[in-house]
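S.K.: Pasting a predicted model and its sequence here:
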Amino acid sequence: MVSHAIEVRNLYKIFGPRGGDYVDAVKNGLGKAELNQKYGHVLGLRDINISMPAGGIMVVMGLSGSGKSTLIRHINRLIDPTAGEVLYDGVDVCKMSENDLREFRRHKTAMVFQKFALLPHRTVLENTVYGLEIQGVGQAEREKRATQWIARVGLSGFENHYPNQLSGGMQQRVGLARALTNDADILLMDEAYSALDPLIRVDMQTVLLDLQKELKKTVVFITHDLDEALRLGDKIAILRDGMVVQQGTGQEIVLNPADEYITAFVKEVNRGRVVNVETIMAPLSGNPEGMPIAKGTVLEMAARAMTSANQTLAHVVDENNRPVGAISLSAIISSMVTPTSHEAKAA
Amino acid sequence: MAGLCESLPDFLCKFPAFSDVSIRAVRKSVDDGFKALVRSYVNAIDAMVQPLQWFLNYLERLFVSSPWPIILLIMLAIVYFGSRNIKITIGTALSMLAIGLLGLWNDTMVTLAMVTVCTLIAILVGIPIGILMARSDRVQGIVNPILDVMQTMPSFVYLIPVVMIFGIGKVPGLIAVVIYAVPPMIRLTNLGIRLVDKEVLEAADAFGSSGWQKLKNVQMPLALPTIMAGINQTIMMSLAMVVVASMVGVGGLGKNVLQAINNQFFTVGFLNGFALVAIAIIFDRTSQAYGKRLQKHSEVIHG
Ligand SMILES: Nc1ncnc2c1ncn2[C@@H]1O[C@H](COP(=O)(O)OP(=O)(O)OP(=O)(O)O)[C@@H](O)[C@H]1O
Ligand SMILES: [Mg+2]
């Protein structure tokens, strides 16, 4: 299966009975607060342009109320946009007929929900087969496929339990198994892990990363946790008040926060786990010194390797073991502890 | 206060009603018009209610003419498998035996047949209307006031048009009972569907369910406990209305009660009344226990 990218273009969403009337005003700079006070409409999304990488994990981040859920629901059109388009494989999801949309949802998308949204009157197995059931796949076939995914998420033996007999973490695994059983190209995860405690959460992140290595789906993952975003995201977009304030790789965002809002976000992050050696390496001057470190290694790993080898100098090598730069332990440590301030950059 | 009226103009003291003559004329023309309308459709109406008549007669004969031990056993089996509760089952056995010993078995069977048919019809009519109401606020806005009228209008009043249209007999009684008993069925179906968790519905949508799949897989199953409560209410109201309906020719326990009232037979009245109460309790406990069992897994628990 070849995954396709999702292109979100000029997307606007204004909640309220006459949202369409205010698009132009919003385009001309009418703010969220003013729109709400003067006209009683809520600005959900404003001029969103994101291209979500095919076969990669796109993370959408932002505080509560910033429009994350609204955005992800446009991809399978659980919410209709006020203006703009969502392109998948060249087709605008927002213009699909009801039938096409239903087929699109059945075969191309699967969704995992923050509050699990399992069918409480159905067992784990019956929940997991749901997507295939409404597609009309035969019982034996759908149960076979569901059972495989239930095993993959570590729930073997619980097939005949009801959701309310399971813990939150287990229920979310059912949600994940239900989505994966659909075998759809797009996997939409709306704060799928937010309700889980930290350990189970990391555990579930690992499950997702492992699966993604072989499945290569186009995943859209929503979170308000930066560590989660950095761990999972091939690309990250940060929303605020319905607007994208910055998008890029995790490293780009941590190193070059676009404004104070994002600076505040990234301040607490463990930079040693995000920044790669090549980002801070100095150009080679003369012969490579010290031990070799592969490109793409994060600072924390590099520092650990150097301290245990008792080296203060190292050189960065590329895929073909050619030295491309030099790096020192003190440089690594100083980049790990200096938070990048937006103001410091600007000055 | 009385003195006040003497010094006031007449129309402030006595409500200025239309004259008796004109009211009588309007009344007469409405009544006559209605009667004429009924007369011209009498064949169609008869044809329509004929199946009801057959079904009711068939069930009544079945209940009355089967040997009582068989009926009792079937009843106990239904109660037991419905409620999975041995106490309710024993209670049912004892009250049915008491009813039999007091010579009320046949009348009870007639009433049971009546209530069974009424409940079935109320379910068949009520659930689809409830579904329509849940799907559209417009329909809800139209149906709700009608239900209010049906529930507050004294039941004797709508016996009149029912009798005018269908005459005297079992079927008109049945229709009157259904009119009286169907509102909770409709209301609770509507309520149950509207209360279904939005998140779960969204999930069903996200996987591409059609409207029918959503109704069948999500809304009806999750609304079922509430719908069961509606069925329970409907049964209770049918049992209450069976007594009133005996005024238009329904037999069974209700008729005995009516005769007891007319002749001041204190004991007969109470015995029949208690038989009705016994059936009501049996139905109520069984359907409630069944509803609870349905609900066991349907509670949504987050976290
Ligand atoms: N149906 C709606 N009608 C009106 N306003 C809405 C509706 N849905 C969302 N909103 C508004 O749109 C904004 C974005 O909401 P959204 O649910 O997308 O936020 P979110 O980023 O997912 O937040 P959270 O992290 O709390 O889930 C909020 O201001 C919210 O009040
Ligand atoms: Mg949300």
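M.R.: Received, thanks. Residues are numbered from 1 along each chain as shown, chains lettered A, B, ... in the order given. Ligands and ions are numbered 1, 2, ... in the order given.
S.K.: State whether A:Gly44 is indeed within a helix.
M.R.: No. Per DSSP: H, G, I helix; E, B strand; the rest coil, A:Gly44 lies outside any helix segment and is strand.
S.K.: For burial, what's the neighbour tally of it?
M.R.: 27 (other CB atoms under 10 Å in any protein chain shown). For every residue, glycine as well, the C-beta is placed using N, CA and C.
S.K.: I'd like to know how far it sits from chain B.
M.R.: 16 Å (CB to the nearest CB, to the nearest Å).
S.K.: wait, what's in contact with that residue?
M.R.: A:13-15, A:67, A:70, A:79, A:242 (CB atoms under 8 Å, 6 or more residues apart in numbering or on different chains).
S.K.: how near is the residue in the stretch 151-300 of chain A positioned nearest to ligand 1 to B:Ser83?
M.R.: Closest to ligand 1 within the stretch 151-300 of chain A is A:His224: 5.5 Å, counting by CB to the nearest ligand atom. A:His224 sits 48 Å away from B:Ser83, going by CB to CB, to the nearest Å.
S.K.: Between these two, which has more neighbouring residues?
M.R.: Remark: of A:His224 and B:Ser83, B:Ser83 carries more neighbours, 22 against 17, as counted by other CB under 10 Å.
S.K.: Got the phi and psi for that one?
M.R.: Per-residue torsions, B:Ser83: phi -100, psi -20 (degrees, to the nearest 10).
S.K.: Equivalent analysis for A:Val244, please.
M.R.: According to degrees, to the nearest 10, A:Val244 has phi -80, psi 120.
S.K.: who does the strand or helix carrying A:Lys38 touch, helix- and strand-wise?
M.R.: Using DSSP states H and E, the secondary-structure element containing A:Lys38 is helix A:32-39. Contact partners of helix A:32-39 among helices and strands, from 3 or more CB pairs under 8 Å, 6 or more residues apart in numbering or on different chains; DSSP states H and E: strand A:42-52.
S.K.: gap between A:Pro288 and A:Pro323?
M.R.: According to CB to CB, A:Pro288 and A:Pro323 sit 4 Å apart.
S.K.: where in the stretch 1-150 of chain A is pLDDT low?
M.R.: Within the stretch 1-150 of chain A, the segments meeting pLDDT under 70 span A:1-2.
S.K.: Near ligand 1, which residues of it are found?
M.R.: Counting by CB under 6 Å from any ligand atom, the stretch 1-150 of chain A comes close to ligand 1 at A:15, A:42, A:44, A:62, A:64-70.
S.K.: at 8 Å what do you get?
M.R.: Residues of the stretch 1-150 of chain A that fall close to ligand 1, judged by CB under 8 Å from any ligand atom: A:13, A:15-16, A:32, A:42-45, A:62-71, A:73, A:79, A:114.
S.K.: Sitting in strands, which of the residues you listed do you find?
M.R.: A:13, A:15, A:42-45, A:62 (DSSP state E).
S.K.: Going by secondary structure, the residue of the stretch 51-200 of chain B found nearest chain A is in what exactly?
M.R.: Nearest residue of the stretch 51-200 of chain B to chain A: B:Glu199, at 4.2 Å (CB to the nearest CB). Using DSSP H and E, B:Glu199 maps to helix B:198-206.
S.K.: C-terminal to that helix, which secondary structure element comes first?
M.R.: Taking DSSP H and E, what comes next after helix B:198-206 is helix B:211-214.
S.K.: packing partners for that next one?
M.R.: Using 3+ CB pairs under 8 Å, 6+ apart, the elements in contact with helix B:211-214 are helix B:198-206.
S.K.: residues of the helix it packs on that come out buried?
M.R.: Buried residues in helix B:198-206, counting neighbours by 16 or more other CB atoms under 10 Å in any protein chain shown, are found at B:199-206.
S.K.: Run through who's touching that helix.
M.R.: A:76, A:78, A:105, A:109-111, A:113, A:115, A:117-120, A:130, A:188, B:213-214, B:217-219, B:222, B:300.
S.K.: For it, list the C-alpha coordinates in PDB.
M.R.: Listed next in PDB are the C-alpha coordinates belonging to helix B:198-206 (Å, rounded to 0.1, in the frame of the first residue of the first chain):
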ATOM      1  CA  LYS B 198     -21.900  11.800  21.100                       C
ATOM      2  CA  GLU B 199     -18.400  10.400  21.100                       C
ATOM      3  CA  VAL B 200     -19.500   6.900  20.300                       C
ATOM      4  CA  LEU B 201     -21.700   8.200  17.500                       C
ATOM      5  CA  GLU B 202     -18.800  10.200  16.100                       C
ATOM      6  CA  ALA B 203     -16.700   7.100  16.100                       C
ATOM      7  CA  ALA B 204     -19.400   5.200  14.200                       C
ATOM      8  CA  ASP B 205     -19.400   8.100  11.700                       C
ATOM      9  CA  ALA B 206     -15.700   8.100  11.400                       C
END
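S.K.: hmm, that helix in reach of ligand 1?
M.R.: No. Using CB under 8 Å from any ligand atom, helix B:198-206 never reaches ligand 1; the gap is at least 10.4 Å.
S.K.: Quick check: mean pLDDT of that helix?
M.R.: If you average the pLDDT over helix B:198-206, you get 94.
S.K.: what does the helix or strand containing A:Val254 contact?
M.R.: A:Val254 is part of helix A:250-255 when elements are defined by DSSP H and E. If you take CB under 8 Å, 6+ apart as the criterion, helix A:250-255 is touched by A:229-230, A:233, A:236, A:238, A:246, A:262, A:266, A:269, A:271, A:274-276, A:279, A:340.
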